[in-house]
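Undergrad: got a predicted model here, sequence first, then my questions.
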Amino acid sequence: MIEGSHYPARYWHMLDDGRMQCDLCPRDCKLHEGQRGACFVRMREGNQMLLTTYGRSSGFCIDPIEKKPLNHFYPGSSVLSFGTAGCNLACKFCQNWDISKSKDMDRLMDQASPQAIAAAAQDNNCKSVAFTYNDPVIFAEYAMDVADACHERGIKTVAVTAGYIHDIPRREFYAKMDAANVDLKAFTEDFYYKLTGSHLQPVLDTLRYLKHETDVWFEITTLLIPGQNDSDEEITALCKWVKKELGADVPLHFSAFHPDYKMAGIPPTPPATLVRARNIGMREGLHYVYTGNVHNQQGDTTFCPGCHAPLIVRDWYEINQYRLTKDGHCPDCNTAIAGHFDAKAAHFGRKRIPIVIGAYA
């Protein structure tokens, strides 16, 4: 059982004027005694910084891995998902705002040690544990301890993140992760500044780092918001950058926006916009481009980049056909398919199963 939730945090230093600067993310919050950072969960207490959500969660669920979304990381497998509260971005369109913008620590009812989470994942036959719902960057110490406990049991770890993190913590955090889905929310600084309260460049730096300096499997998600980041020009620029800087094999998911939080007046993304974006990505030479939050079997399916045969046919989160060879190649033309695959697909399906961790404490 967790004794309290205030845990000594890393990544900070004292300034000459007596304030404490958080060095976790590019916000560089500078704190007086008793103040919290913009994420709300990292707090100064005396000459120490504390993580106030260590060991406390907003809930645990077993999900299909495709819901993260990860289409090339053990397809069909189940993942134990959880988050805490708070966020270091201020997205006006946040679709988990009740968690990420929460300043109410009483929301965090589920207490769980890293060892209890790993045990629960193992007992429920989960291939991996995902840090999601809110950004795991802000509870990095907790996530990294959970990752260590998971790896001791042979369980993989997944970060679902906006990628807004400084270099040193980035290196330490991703050293503990097996896979990630990174939100590339748009491809203009104007969008990032006005709609998320952050900046584009640190996210691009994270993506480059993951590709060129780690073995972490990662995929990218871009939520397309009508009139904000869905023009042909911006989508084309984004896809060109991914192809040039990261390579054609990094999967890209274009996902549908639903009106929420401070952008409830914006209409939902039309399915045709996602199809258009997918077509642009394929035209620009990306091998794996998907549509999300809509029913589109073609946009869910993994095609061979060599002969274009359908290899993993999905219907929402159900896998209807799985044709990869044991070593992850196309059976028709022997093209290697990028990702991490088992010899056979798992078939967890579309289920979402809430669980309580208390029994494992």
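TA: All right, it came through fine.
Undergrad: so how far is stretch 284-292 off the chain centroid?
TA: Counting by C-alpha atoms, centre = their mean, to the nearest Å, stretch 284-292 is centred 18 Å from the centre of its parent chain.
Undergrad: for that stretch, buried residues please.
TA: For stretch 284-292, the buried set under the neighbour-count rule, 16 or more other C-beta atoms under 10 Å, comprises 284, 286, 287, 288, 289, 290, 291, 292. C-betas here are computed from N, CA, C, even on glycine.
Undergrad: for those residues, which one is nearest residue 178?
TA: residue 288 (18.6 Å; C-beta to C-beta).
Undergrad: residue ranges with poor pLDDT in the stretch 101-250 of the chain?
TA: Within the stretch 101-250 of the chain, the ranges that satisfy pLDDT under 70 run 101-110.
Undergrad: ranges for the strands of it?
TA: Counting by DSSP state E, counting those that start in this stretch, the stretch 101-250 of the chain has strands at residues 110-111, 128-131, 156-161, 179-183, 217-224.
Undergrad: tell me where the protein has helices.
TA: Using DSSP state H, the helices of the chain run over residues 97-100, 114-123, 140-152, 167-174, 189-191, 201-213, 232-241, 271-283, 297-300.
Undergrad: which elements pack onto the second one?
TA: Counting contacts by 3 or more C-beta pairs under 8 Å, 6 or more residues apart in numbering; DSSP states H and E, helix 114-123 packs against strand 78-82, strand 128-131, helix 140-152.
Undergrad: what does that helix contact?
TA: With C-beta atoms under 8 Å, 6 or more residues apart in numbering as the test, helix 114-123 has contacts from 60, 80, 82, 112, 128-129, 142, 145-146, 148-150, 152-153, 155, 355, 357, 360-361.
Undergrad: name the nearest residue to residue 316, sequence neighbours excluded.
TA: For residue 316, ignoring the flanking residues on the chain, the nearest one in space by C-beta to C-beta, 6 or more residues apart in numbering is residue 350 at 5.7 Å.
Undergrad: list the residues that contact that neighbour.
TA: Residue 350 touches 64, 316, 317, 318, counting by C-beta under 8 Å, 6+ apart.
Undergrad: would TSV of those residues with neighbour count, pLDDT and distance to residue 328 be doable?
TA: Shown next, in TSV, are those (neighbours: other C-beta atoms under 10 Å; pLDDT from 0 to 100; distance: C-beta to C-beta, whole Å):
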residue	neighbour count	pLDDT	distance to residue 328
64	26	97	20
316	14	88	23
317	19	91	20
318	15	93	21
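Undergrad: coming back round to it: out of the helices of the chain, flag the one nearest residue 15.
TA: Using C-beta to C-beta, the nearest of these to residue 15 is helix 167-174, at 17.6 Å.
Undergrad: contacts for the closest one, please.
TA: Residues beyond helix 167-174 that count as contacts (C-beta under 8 Å, 6+ apart) turn out to be 10-11, 23-25, 136-137, 140, 143-144, 159, 165, 180, 205-206, 209-210, 214, 216.
Undergrad: buried residues in that helix?
TA: Buried residues in helix 167-174 (16+ other C-beta under 10 Å): 169, 170, 173, 174.
Undergrad: what does stretch 208-221 give?
TA: 209, 210, 211, 216, 217, 218, 219, 220, 221.
Undergrad: ok, the buried residues of helix 167-174 vs residue 193, which is closest?
TA: residue 170 (21.1 Å).
Undergrad: let me know the pLDDT of residue 58.
TA: On pLDDT, residue 58 comes in at 82.
Undergrad: would TSV of the contacts of residue 350 with distance to residue 197 be doable?
TA: Shown next, in TSV, are the contacts of residue 350 (distance: C-beta to C-beta, whole Å):
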residue	distance to residue 197
64	31
316	33
317	32
318	37
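Undergrad: among those, which one sits closest to residue 43?
TA: Among the contacts of residue 350, and counting by C-beta to C-beta, the member closest to residue 43 is residue 64, at 35.4 Å.
Undergrad: roughly how far does that closest one sit from residue 355?
TA: The span separating residue 64 from residue 355 equals 15 Å under the rule C-beta to C-beta, to the nearest Å.
Undergrad: with residue 52 instead?
TA: 24 Å.
Undergrad: and these two? Which one has more around it.
TA: Neighbours were counted for residue 52 and for residue 355 using other C-beta atoms under 10 Å; residue 52 has more, 23 against 19.
Undergrad: does the more buried one touch residue 9 like I think?
TA: No. Look at residue 52 against residue 9 with C-beta atoms under 8 Å: they stay out of range, at 9.0 Å.
Undergrad: give me the common contacts of those two.
TA: Taking C-beta under 8 Å, 6+ apart as the contact rule, residue 52 and residue 9 both touch residue 42.
Undergrad: flag every buried residue along stretch 339-359.
TA: Buried, per 16+ other C-beta under 10 Å, within stretch 339-359: 339, 341, 345, 346, 348, 355, 357.
Undergrad: does the first one really touch residue 329, like I thought?
TA: No. Counting by C-beta under 8 Å, residue 339 sits too far from residue 329 to count as a contact (11.5 Å).
Undergrad: now do the contacts for residue 180.
TA: Neighbour list for residue 180: 158, 159, 160, 161, 174, 210, 216, 217, 218, 219 [criterion: C-beta under 8 Å, 6+ apart].
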